[in-house]
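# Any chance you can model this:
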Amino acid sequence: MWIVILISLTCLTIMLVGTTIRSRRKTEIDATLSSLQEFDSTQQIIGCGVVSGLAIDETRKKICLITYNDGVLNRIFSYKDILSVELFEDGSSITKTVRSSQIGGAVVGSLVLGGVGAIIGGLSGKSSTSEVIKRIDLRLVINDTNVPLHDINFMNTPCKKSNSIYKDAIKQARHWHGIIEVLIKRADSEERNQQASTQQISLESSSFSVADEIRKLADLHNSGVLSSDEFQKQKNKLLGTGLAVEGAIGCNNLDSNLENETTETIIYESDKIVPFPNVCRKCGFRYEKVVSICPDCIIDLEIA
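Numbers count the residues shown, from 1 in each chain. Sure thing, here's the model as predicted:
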């Protein structure tokens, strides 16, 4: 009888000590997050045993990875540094989201394959509610060569899938996988928009480069260095290059101050005469060669 009472008291003491330790760790983590500069936690999750967790700052688009090891350790990254997120049951991958960029995908592939062994468990095809699951983990791969992996444990107690403990743990794990997936997709979207903006700037720069060259030719023509024929020939070469650049605009306005410039048929690489000449709806000039855009007005031609 006394042995049973002693064992019960010992178990109760261990539970109380464990609860006290976890509570103290959680308090330290909260204090650390509150003291961070340029980071305001809007959502956070701390795993089982208060060993690891994460917090996100949705305003600054940052994520803070938390680890407790004789004190709170934190690492702050941009959303763009999240390369993948993966959900595991007993080491078997359930679902995974990866950055769509080629560089991110290549890095993720090597890191995940090399690190899955750290999560205990083996592959299993079972899915019945009577199956016992020992642990549920969420793994993030971060763009950090020193510590690329960050694991958060949501359940570390053997439970059947019909058990409420398992149901609550997997629900919470899937919820946070979904949150990280949203962050990854937002980073992908921003990256695509940035690339599109860079390409547009590049196109505009190419257009202005052609315009600058035409301006130089106009100066040489006005000063008598180039004849009208030479000027027109060199101008046509530049416009032939400029028209290949999507979005080139306003080239005709740069030499509008030229005097005595004669308009003539523009001849490109193809000398094929078309049966129905194209006519510029702005200046009215008829192009009898294969030309689809008026180089002076920079508009599409219409069939006569």
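# Tell me if I'm right that residue 147 and residue 73 touch.
No. Taking CB atoms under 8 Å as the definition, residue 147 is not a contact partner of residue 73, at 9.6 Å. (C-beta placed from N, C-alpha, C; glycine too.)
# How is residue 59 assigned, secondary-structure-wise?
Under DSSP: H, G, I helix; E, B strand; the rest coil, the three-state class of residue 59 is coil.
# ok now do it, which residues does it touch?
40, 42 (CB atoms under 8 Å, 6 or more residues apart in numbering).
# So residue 161 versus residue 38, what's the distance?
Separation of residue 161 from residue 38 (CB to CB, to the nearest Å): 42 Å.
# ok, those two, which is more surrounded?
Neighbour tally, residue 161 and residue 38, criterion other CB atoms under 10 Å: the higher count belongs to residue 161, 16 against 8.
# Could you check how far the more buried one is from residue 89?
Counting by CB to CB, the gap from residue 161 to residue 89 is 9 Å.
# shared neighbours of the two, anything?
Both residue 161 and residue 89 are in contact with residue 133, where contact means CB under 8 Å, 6+ apart.
# which residues in the protein form helices?
Shown for the chain, the helices assigned by DSSP state H span residues 2-35, 102-115, 164-222, 228-242, 251-254.
# Give me the helices and strands touching the fourth one, please.
It refers to helix 228-242. helix 164-222 (3 or more CB pairs under 8 Å, 6 or more residues apart in numbering; DSSP states H and E).
# Run the angle between the helix it packs on and helix 228-242 for me.
Orientation of helix 164-222 against helix 228-242 (axes from the mean of the first three to the mean of the last three CA atoms, to 10 degrees) gives an angle of 180 degrees.
# what helices or strands is helix 164-222 leaning on?
Where contact means 3+ CB pairs under 8 Å, 6+ apart, helix 164-222 is packed against strand 43-46, strand 82-89, strand 92-98, strand 136-142, strand 149-155, strand 159-160, helix 228-242, helix 251-254.
# Nearest approach to residue 171 belongs to which of those?
Closest to residue 171 of these, according to CB to CB: strand 149-155, at 9.3 Å.
# For the closest one, which strands pair with it and how are they oriented?
Strand 149-155 pairs in its sheet with strand 136-142 (antiparallel), by DSSP bridges.
# Where does pLDDT dip in the chain?
1-2, 4-19, 101-130, 199-211, 240-281, 285-304 (pLDDT under 70).
# go with 80
For the chain, residues meeting the criterion pLDDT under 80 lie at 1-22, 100-130, 193-215, 217, 221, 224-226, 231, 234-235, 237-304.
# what comes up buried for stretch 33-42?
Within stretch 33-42, the residues that count as buried by 16 or more other CB atoms under 10 Å are 33, 39, 41.
# again with stretch 161-168
161, 163, 166.
# can you list the residues you listed in TSV and add distance to residue 220?
Shown next, in TSV, are the buried residues of stretch 161-168 (distance: CB to CB, whole Å):
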residue	distance to residue 220
161	82
163	86
166	81
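# Which one of those is nearest to residue 80?
Using CB to CB, residue 166 is the member of these that lies nearest residue 80, at 33.9 Å.
# Now that closest one. Nearest residue, chain neighbours left out?
Closest residue in space to residue 166, ignoring its immediate chain neighbours: residue 159 at 4.2 Å, by CB to CB, 6 or more residues apart in numbering.
# That neighbour: what's it in contact with?
Listed by CB under 8 Å, 6+ apart, the contact set of residue 159 reads 132-133, 165-166, 169.
# and it, what are its bridge partners?
residue 133.
# Assess the claim that residue 238 and residue 217 are in contact.
Yes. With contacts defined as CB under 8 Å, residue 238 counts as touching residue 217 at a distance of 7.5 Å.
# okay, these two: which has more neighbours?
More crowded of residue 238 and residue 217, by other CB under 10 Å: residue 217, with 23 against 19.
# distance of residue 146 from residue 65?
Taking CB to CB, one finds residue 146 at 12 Å from residue 65.
# and these two? which has more neighbours close in?
It is residue 65, of residue 146 and residue 65, that has more neighbours when counted by other CB under 10 Å, with 20 against 6.
# isn't the more buried one right next to residue 143, touching?
No. Applying CB under 8 Å, one finds residue 65 not in contact with residue 143, separated by 12.0 Å.
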